[in-house]
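Undergrad: only geometry, no sequence info:
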């Protein structure tokens, strides 16, 4: 999703420095999540571990890339929707 956002907003095929930092930050937070394999979607999580500035950046990415996922990665989009169901 960060790649889709970066290509559209920052141009180029590779991630820019800002998006690379966001991607690294998100991967680190996911890897360290205290819920492990039972991790809920971040928007449904009772623990907000992202710093406020990074949370806003990832929200912008999700707002842009989320609706477009169905066209570029339909299986991943479907899995994401199914993971959010209670």
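TA: On my side now, so go ahead. Because the structure is a prediction, the values reported are computed rather than measured. Numbers count the residues shown, from 1 in each chain.
Undergrad: just name the shakiest helix or strand of the protein by mean pLDDT.
TA: Sorting the helices and strands of the chain by mean pLDDT, DSSP states H and E puts helix 74-84 at the bottom, at a mean of 80.
Undergrad: which strands or helices does that one pack on?
TA: helix 69-72 (3 or more Cβ pairs under 8 Å, 6 or more residues apart in numbering; DSSP states H and E). Any C-beta I mention is one placed from the backbone N, CA and C, and that applies to glycine too.
Undergrad: need the contact partners of the helix it packs on.
TA: 1, 4, 76, 77, 80 (Cβ atoms under 8 Å, 6 or more residues apart in numbering).
Undergrad: what about this structure, any weak spots by pLDDT?
TA: For the chain, the stretches with pLDDT under 70 are 84-86.
Undergrad: now do the helices in it.
TA: For the chain, the helices defined by DSSP state H occupy 2-10, 17-31, 52-65, 69-72, 74-84.
Undergrad: got JSON lines for these, with distance to residue 40 and mean neighbour count too?
TA: Shown next, in JSON lines, are these (distance: least, Cβ to Cβ, whole Å; neighbours: other Cβ atoms under 10 Å):
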{"stretch": "helix 2-10", "distance to residue 40": "20", "mean neighbour count": "16"}
{"stretch": "helix 17-31", "distance to residue 40": "12", "mean neighbour count": "14"}
{"stretch": "helix 52-65", "distance to residue 40": "15", "mean neighbour count": "15"}
{"stretch": "helix 69-72", "distance to residue 40": "18", "mean neighbour count": "13"}
{"stretch": "helix 74-84", "distance to residue 40": "8", "mean neighbour count": "12"}
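Undergrad: so which of those helices comes closest to residue 38?
TA: Comparison of the helices of the chain against residue 38 by Cβ to Cβ identifies helix 74-84 as nearest, at 10.9 Å.
Undergrad: what's the closest one in contact with?
TA: Contacts for helix 74-84 (Cβ under 8 Å, 6+ apart): 41, 43, 44, 69, 70.
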